[in-house]
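> Need coordinates for the following:
(chains A and B)
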Amino acid sequence: MLEVQDLHKRFGGFAAVSGVSFTLPKGVVMAIIGPNGAGKSTLFNLITGHVEPSAGRVLLSGHDITGAPPHTICRRGVGRSFQRTNIFPNLTVFECVQAAVLAHRGQGRNFWQRSDRLYRAETDALLVSLGLADKASSLAGELSHGNQKQIELGIALASDPDILLLDEPTAGMSAVETHETIALIARIARERGLTLLFTEHDMDVVFSIAERIAVLHQGRLIAEGSPQDVRADAEVRRVYLGERQ
Amino acid sequence: MSRRIPWVLVVVLIAMWIPWLGSRFYTFIATDIAILALFALSLNLLLGYTGLVSFGHAAYFGIGAYVCAILMKTYGVPFVLSFPAAGIAAALFALVFGFFCVRLTKIYFAMLTLAFAQIVWAICFKWNDVTGGEQGLPNVPYPELAWIGAIPGLGGLRAGDHFYLLVLVLVAVAVAALYRIVSSPYGRMLTVIRENPERAEFIGINVRLYQLSAFTVAGFFAGLAGALFGIFNRGVFPDFAYWTKSAEVLIMTILGGMGHFWGPAVGAMVLTLLNQEITSYTQYWPLILGTILIVLLFGFRGGIVGALVSLGRRLRRR
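Sure thing, here's the model as predicted:
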């Protein structure tokens, strides 16, 4: 599904990502872990076109998408959420999600119909599945952090992606919210048969839902495999998991 | 919601009744307001809806004015053709200038729109053979208005009143079209870009392309307003494209409230009336204008309409 080949990114003299390669098969849930500054977000930005790689390739179902602009990559079936909550604060929850549905349905060239009547059912169904139905007419920017993260997920899902990239989906959440969010993500991924790639700092979360784990350290991939393999990996224990014990 | 007053209809009816007051002055002011309202509403497609701050919107107003005036005066082209041609010409210039502008963001975008507008102004100012240079093009003819006089009930009115009614109808149609555009899915995409261009890109929106299209559409409507203004003014002058004109329309938009569709139209009306009233008492209009702006920016960020809407909400809650 997603194939990353020898990806490099340098910012000035700093190698944020150097020589990362991995393959993510269809339908698999994969986590990328690593300490702060390991290059997780940069890797996401490289895959989704927000940052152009210095070298290497990104293949999506065999198509080379390296360096394509984000809107093209989105249209090819990649959805993403951002680490810092990234929504449309002055729109209602309904409008936020509906906007993404409209964009996905190619309605952007529709100058003449009234947007508030289009794709209502689809948007409502999505809000229900995210547990946001009762907040549909609230302004997105006025809701809690946890709700905003849900909205972001809704916006990402509205494009009906095949593969979803979530950058720290539970950042800044309480333990309860984290638990709920992860349950929600796991359910939606299962229902939709999504391929999921996410970064996360909470190891309990990672080991509870990830089928594969990749470990980044100083821009390099130092391990990649099943949770058991990664947990047993000597270098991972030394540079990352070990530090936490 | 059943007891909502159809404000738009009320305003249009009142506006249509103005010529029967029998005052040249009222008709004059009303024509001015109608045209400037369209100009300000076109700017708000950028400012309020797409989140693009243009400091050079007068360029397209000026281009529309000159194209319409040159076609009508120099080439004798009828108004029916010159008027849309003015809009199209302005849109084409907006397309070309916008192509470069949307490559930049925020203050750099604003500065580049200003730079292009100053180039337009300089061309109007210097290209004597075509634009009349510094002197402008005086004596732009009125369009053929006799047919309006032939409509039963309108025969008794003056030519200025006939032109006013024509302006009113054209502005109403243009504003209705703008309203459709901002309420459409396309309009929603623009709003989303205003809110968060980075996220907009990742719901599959080609942000620059949409910004460019909004810039072009805004240029088109500004061009139409300019065409009417040139005829109304009975001449076109380089001032139409000068940066002070861009600032004026920006102030109207902010004064009325860029967060609401009708805000800029209200701003155009209030600013024109205030200007008219205050300059009859004092020559220090810019001083008053400056004070109004300061009060507005500190006290009423949402502009007049924003303040009225929140006041209305507070009253309804009681």
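> what about the strands in chain A?
Taking DSSP state E as the criterion, chain A contains strands spanning A:2-11, A:14-24, A:29-33, A:55-60, A:63-64, A:78-81, A:163-167, A:195-199, A:212-217, A:220-225.
> Deepest-packed of those strands, please.
strand A:78-81 (a mean of 27; mean count of other CB atoms under 10 Å in any protein chain shown). For the C-beta atoms, the positions are set from N, CA and C on the backbone; glycine is no exception.
> Now do it: everything it contacts.
A:44, A:47-48, A:60, A:74, A:149, A:152-153, A:155-157, A:159, A:161-167, A:169, B:202 (CB atoms under 8 Å, 6 or more residues apart in numbering or on different chains).
> Just those: which are in helices?
If you go by DSSP state H, these have A:44, A:47, A:74, A:149, A:152-153, A:155-157 in helices.
> need the contact list for residue 113.
No chain in the question, so chain A it is. The contact partners of residue A:113, taken as CB under 8 Å, 6+ apart, are B:184-185.
> think we crossed wires, I meant chain B
By CB under 8 Å, 6+ apart, the contact list for residue B:113 reads B:54-57, B:59, B:97, B:101.
> per-residue pLDDT, residue 103?
Using chain A. In this model, residue A:103 is scored at 92, pLDDT.
> wait, chain B
93.
> Residue B:176 too?
Residue B:176 is assigned 95 on the pLDDT scale.
> and the residue nearest to residue A:58 when sequence neighbours are not counted, how many neighbours does it have?
Closest residue in space to residue A:58, ignoring its immediate chain neighbours: residue A:66 at 4.9 Å, by CB to CB, 6 or more residues apart in numbering or on different chains. As a burial measure, residue A:66 scores 19 neighbours (other CB atoms under 10 Å in any protein chain shown).
> roughly how far apart are residue A:66 and residue A:20?
Going from residue A:66 to residue A:20 by CB to CB, to the nearest Å gives 13 Å.
> Need the residues touching each of these two.
Shared contacts of residue A:66 and residue A:20, defined by CB under 8 Å, 6+ apart, comprise residue A:56.
> Skipping adjacent residues, who's closest to the closest residue to chain A within the stretch 1-150 of chain B in space?
Across the stretch 1-150 of chain B, the shortest distance to chain A (CB to the nearest CB) belongs to residue B:51, at 10.4 Å. Of all residues not flanking residue B:51 in the chain, residue B:194 sits nearest, at 3.1 Å (CB to CB, 6+ apart).
> ok, now which ones touch the one you found?
Residue B:194 is in contact with B:48-51, counting by CB under 8 Å, 6+ apart.
> want to throw the residues you listed into TSV with neighbour count and pLDDT?
Output for the contacts of residue B:194, formatted as TSV (neighbours: other CB atoms under 10 Å in any protein chain shown; pLDDT from 0 to 100):
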residue	neighbour count	pLDDT
B:48	25	94
B:49	23	95
B:50	28	95
B:51	19	94
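> Correct me if wrong: residue A:39 contacts residue A:215.
No - using CB atoms under 8 Å, residue A:39 makes no contact with residue A:215, being 11.2 Å away.
> Can you report how many residues lie near the closest residue to residue A:123 other than its chain neighbours?
Counting by CB to CB, 6+ apart, residue A:123 lies nearest to residue A:98, which is 4.4 Å off, once chain neighbours are set aside. Neighbour count for residue A:98, taken as other CB under 10 Å: 29.
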